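Colleague: the following block contains a protein sequence and its predicted model.
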2 protein chains.
Amino acid sequence: MDRVTNVFTRKLVGLASLNEHEIALLDAEATPIRLIAAHRDLIREGDKPGPVFVVLDGWACRYKMLPDGSRQIVAFMMPGDFCDIHAGILDEMDHAIGTLTACQIVAIPRERMDRLIVATPALTHAFWRAQLVDEGVLRAWIVSIGRRDSLQRVAHLMLELYVRLRSIGLANDERCEMPLTQAVLADSLGLTPVHLNRVLKVLRERRAMTLTGGTLQLLDPRELVRIAGFDNNYLHRRVPDEVG
Amino acid sequence: MDRVTNVFTRKLVGLASLNEHEIALLDAEATPIRLIAAHRDLIREGDKPGPVFVVLDGWACRYKMLPDGSRQIVAFMMPGDFCDIHAGILDEMDHAIGTLTACQIVAIPRERMDRLIVATPALTHAFWRAQLVDEGVLRAWIVSIGRRDSLQRVAHLMLELYVRLRSIGLANDERCEMPLTQAVLADSLGLTPVHLNRVLKVLRERRAMTLTGGTLQLLDPRELVRIAGFDNNYLHRRVPDEVG
DNA sequence: CGAGGTGTTGAAATATCTCAAGCGCCGTGG
DNA sequence: CCACGGCGCTTGAGATATTTCAACACCTCG
């Protein structure tokens, strides 16, 4: 396991039992690394299938623009996440993927990906499973936007991101980097930036959490979990500490 | 193609090119048929992996209950849809699946499903693809709830369901069966039943569509598409007629 | 016949949005 | 070195969309 060199591989190893050979295959794909600036599109809506992108560092997101110019972010991608085994299978992208910060990205050509998948059942299984987890996130997202008020919704998203960051070793104590502007968060939560700002203020005043200068600080995880109605088995991970 | 006997098989045939043998394999699974009453849970949140269910007739849905007793429906399942290749792969269900009307269901034991999948790559491909389509639906759902107002949202859902029904031959002219109560629709749209009712009234008054007695009637598809901001390539299908 | 689920409507309450303004920070160009 | 402009954050006040509460009509079913 200490042979694992990159987040991408590490994530998949966490999802399925892979042997040395399979791990080596994955690691071999994690090159060359490309540096992409913030606010660039990796894939645009309507694009034909291209390579599979893996985020090694930085944040990206899936999003969709509406005719009236508003944007809905549908998923956040952090180190280890990959975009679209999909595109190869469906005809055309129904949404775009763009960077939120500067990113390190690996682009795996479609054919290599396909070869990788058909050749090794264990990897098929790992990818499939990763996709199922993503689907679970999408469902949770719908539940949040559909039935939680803004306070619960914000608290829930913060916990989700915290838990995910933690599972890839990017969160310690009750703190993590979260380089997302309020506008970005608002676009993911179906809120207005103005309103999101007010909600953050409330959470701050209740001493539940703060989000400033690009870092999230959980002041009172227990309280935050309570506010959010956060399911502590979410994604089969949990927010640790005194909670639970 | 005329050898295809059930909606389930028919749907998969529409998603990938399957040969006679593979079609026969699928058809062989579509038995025995179980009759399930309305408002029964097929799978409950927290359940361990069980069989894969396929809806042959009737409507079901995925949903999640919140602590305060409210419900968010996350997906509608109509004839041909199947639930959870998932459950077998993840540890535990994070949502429930229940019938909305009386249903005809086939339960395929997990092991047979697994054997089917590993044995025939074309089927793996078909299932994978079906799952990707579902994921696209989930993303569109998020966009709707997050960024569209109630009028657009309702119009969009009606079009989505219409298009899906049409693709399995359950909609003709501009009309289809839609045995969903207003409460159910509200729970899927993140609205109140009362408000949904008012929205339906507006759509009726604008002579865009009516929904009464369990049947949806598109009076003015073009107008409805306009109201919804409906992407006519949605799911790579389209609402036909004068539209487009 | 009564009970409960479903659809309909009204009026008041509330959550969220919109518009508008000001502040601080930071990078750029003079 | 300073001034400027732009972006992100913050706050206020009024507008609007949606919810809540309440009542009633209709229908089916027992």
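Modeller: Looks like it came in fine. These figures come from a predicted structure and were not determined experimentally. Numbers count the residues shown, from 1 in each chain, chains lettered A, B, ... in the order given.
Colleague: how about the helices of chain A, start to end?
Modeller: Taking DSSP state H as the test, the helices found in chain A are A:7-15, A:20-29, A:110-119, A:121-147, A:150-167, A:182-189, A:193-205, A:221-228.
Colleague: how about those, which one is nearest chain B?
Modeller: Of all the helices of chain A, it is helix A:121-147 that lies closest to chain B, at 3.2 Å by CB to the nearest CB. Yep, even glycine has a C-beta here, placed from its N, CA and C like the rest.
Colleague: packing partners of that closest one?
Modeller: Helices and strands touching helix A:121-147, as assessed by 3 or more CB pairs under 8 Å, 6 or more residues apart in numbering or on different chains; DSSP states H and E, comprise helix A:7-15, helix A:20-29, strand A:71-77, helix A:110-119, helix A:150-167, strand B:60-65, strand B:71-77, helix B:121-147.
Colleague: follow-up on the earlier one: out of the helices of chain A, nearest to B:Ala155?
Modeller: Closest to B:Ala155 of those is helix A:121-147 (CB to CB; 17.2 Å).
Colleague: pLDDT of the closest one, averaged?
Modeller: Mean pLDDT, helix A:121-147: 90.
Colleague: give me the number of residues near A:Gly69?
Modeller: By the criterion of other CB atoms under 10 Å in any protein chain shown, A:Gly69 has 6 neighbours.
Colleague: across the sheet, point out what pairs with the residue nearest the centre of chain A.
Modeller: Nearest residue to the geometric centre of chain A (CA atoms, centre = their mean): A:Met77, 3.2 Å. On the basis of DSSP bridges, A:Met77 is bridged to A:Ala60.
Colleague: you'd agree it is up against A:Arg62?
Modeller: Yes. Between A:Met77 and A:Arg62 there is a contact at 7.2 Å, judged by CB atoms under 8 Å.
Colleague: hey, what's in contact with both of these two?
Modeller: Residues touching both A:Met77 and A:Arg62 (CB atoms under 8 Å, 6 or more residues apart in numbering or on different chains) are A:83, A:97.
Colleague: so which of the helices and strands packed on helix A:121-147 comes closest to DNA strand C?
Modeller: Nearest of the helices and strands packed on helix A:121-147 to DNA strand C, taken as CB to the nearest atom of the strand: helix A:150-167 at 3.6 Å.
Colleague: that closest one packs against which elements?
Modeller: In this structure, helix A:150-167 makes packing contacts with helix A:121-147, strand A:175-177, helix A:182-189, helix A:193-205, strand A:209-212, strand A:215-218, helix A:221-228, judged by 3+ CB pairs under 8 Å, 6+ apart.
Colleague: rewinding a little: tell me which of the helices of chain A lies nearest to B:Ala37.
Modeller: Closest of the helices of chain A to B:Ala37 is helix A:121-147, at 25.3 Å (criterion: CB to CB).
Colleague: check the offset of the closest one from the chain's centre.
Modeller: Relative to the centre of its chain, helix A:121-147 is centred 11 Å away, using CA atoms, centre = their mean, to the nearest Å.
Colleague: state the distance from A:Lys11 to A:Ile36.
Modeller: A:Lys11 sits 20 Å away from A:Ile36, going by CB to CB, to the nearest Å.
Colleague: which parts of chain A sit against DNA strand D?
Modeller: Neighbours of DNA strand D within chain A, by CB under 7 Å from any atom of the strand: A:181-183, A:193-194, A:197-198, A:200-201, A:212.
Colleague: now for the helices of chain A, which one comes closest to B:Asp57?
Modeller: For B:Asp57, the closest of the helices of chain A is helix A:121-147, at 24.9 Å, according to CB to CB.
Colleague: give me the residue from chain A nearest DNA strand C.
Modeller: A:His195 (3.2 Å).
Colleague: could you break chain A into its assigned domains?
Modeller: Following automatic domain parsing, chain A resolves into domains at A:7-136, A:148-236.
Colleague: ranking the ones you listed by mean pLDDT, which is last?
Modeller: Among the domains of chain A, domain A:7-136 carries the lowest mean pLDDT, at a mean of 87.
Colleague: start to end distance for that domain?
Modeller: Separation of the first and last residues of domain A:7-136 by CA to CA, to the nearest Å is 21 Å.
Colleague: also stretch A:57-72?
Modeller: First-to-last residue span, stretch A:57-72, CA to CA: 23 Å.
Colleague: so for it, what gets flagged as buried?
Modeller: By neighbour count on 16 or more other CB atoms under 10 Å in any protein chain shown, the buried set for stretch A:57-72 is A:57-64, A:66, A:71-72.
Colleague: dump these into a markdown table; add distance to B:Ile108 as well.
Modeller: Listed next are these as a markdown table, based on distance: CB to CB, whole Å:
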| residue | distance to B:Ile108 |
| --- | --- |
| A:Asp57 | 42 |
| A:Gly58 | 42 |
| A:Trp59 | 40 |
| A:Ala60 | 37 |
| A:Cys61 | 36 |
| A:Arg62 | 32 |
| A:Tyr63 | 36 |
| A:Lys64 | 34 |
| A:Leu66 | 39 |
| A:Arg71 | 40 |
| A:Gln72 | 35 |
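Colleague: the helices of chain A: which one's closest to B:Ala107?
Modeller: Checking the helices of chain A against B:Ala107 by CB to CB gives helix A:121-147 as the closest, at 20.1 Å.
Colleague: and the closest one, is it in reach of DNA strand C?
Modeller: No. For a cut-off given as CB under 7 Å from any atom of the strand, helix A:121-147 has no contacts with DNA strand C; the smallest distance is 10.0 Å.
Colleague: which parts of that helix are buried?
Modeller: Using 16+ other CB under 10 Å as the test for burial, helix A:121-147 gives A:122-147.
Colleague: cool, and stretch A:167-178?
Modeller: By 16+ other CB under 10 Å, the buried positions in stretch A:167-178 come out as A:167, A:170-171, A:174, A:176, A:178.
Colleague: save those residues as JSON lines, and put in distance to DNA strand C too.
Modeller: Converted to JSON lines, these look like this (distance: CB to the nearest atom of the strand, whole Å):
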{"residue": "A:Ser167", "distance to DNA strand C": "29"}
{"residue": "A:Leu170", "distance to DNA strand C": "23"}
{"residue": "A:Ala171", "distance to DNA strand C": "24"}
{"residue": "A:Glu174", "distance to DNA strand C": "24"}
{"residue": "A:Cys176", "distance to DNA strand C": "20"}
{"residue": "A:Met178", "distance to DNA strand C": "17"}
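Colleague: what is the nearest of those residues to chain B?
Modeller: Distance to chain B, by CB to the nearest CB, is smallest for A:Ser167 among those, at 15.1 Å.
Colleague: that closest one reaches A:Gly14, doesn't it?
Modeller: Yes. Using CB under 8 Å as the test, A:Ser167 is close enough to A:Gly14 to be in contact (7.3 Å).
Colleague: residue contacts, A:Pro193?
Modeller: Listed by CB under 8 Å, 6+ apart, the contact set of A:Pro193 reads A:182-183, A:186.
Colleague: which of those has the most neighbours?
Modeller: Neighbour counts for the contacts of A:Pro193 (other CB under 10 Å) peak at A:Ala186, which has 22 neighbours.
Colleague: my read: it touches A:Arg198, true?
Modeller: No. Counting by CB under 8 Å, A:Ala186 does not reach A:Arg198; the two are 11.0 Å apart.
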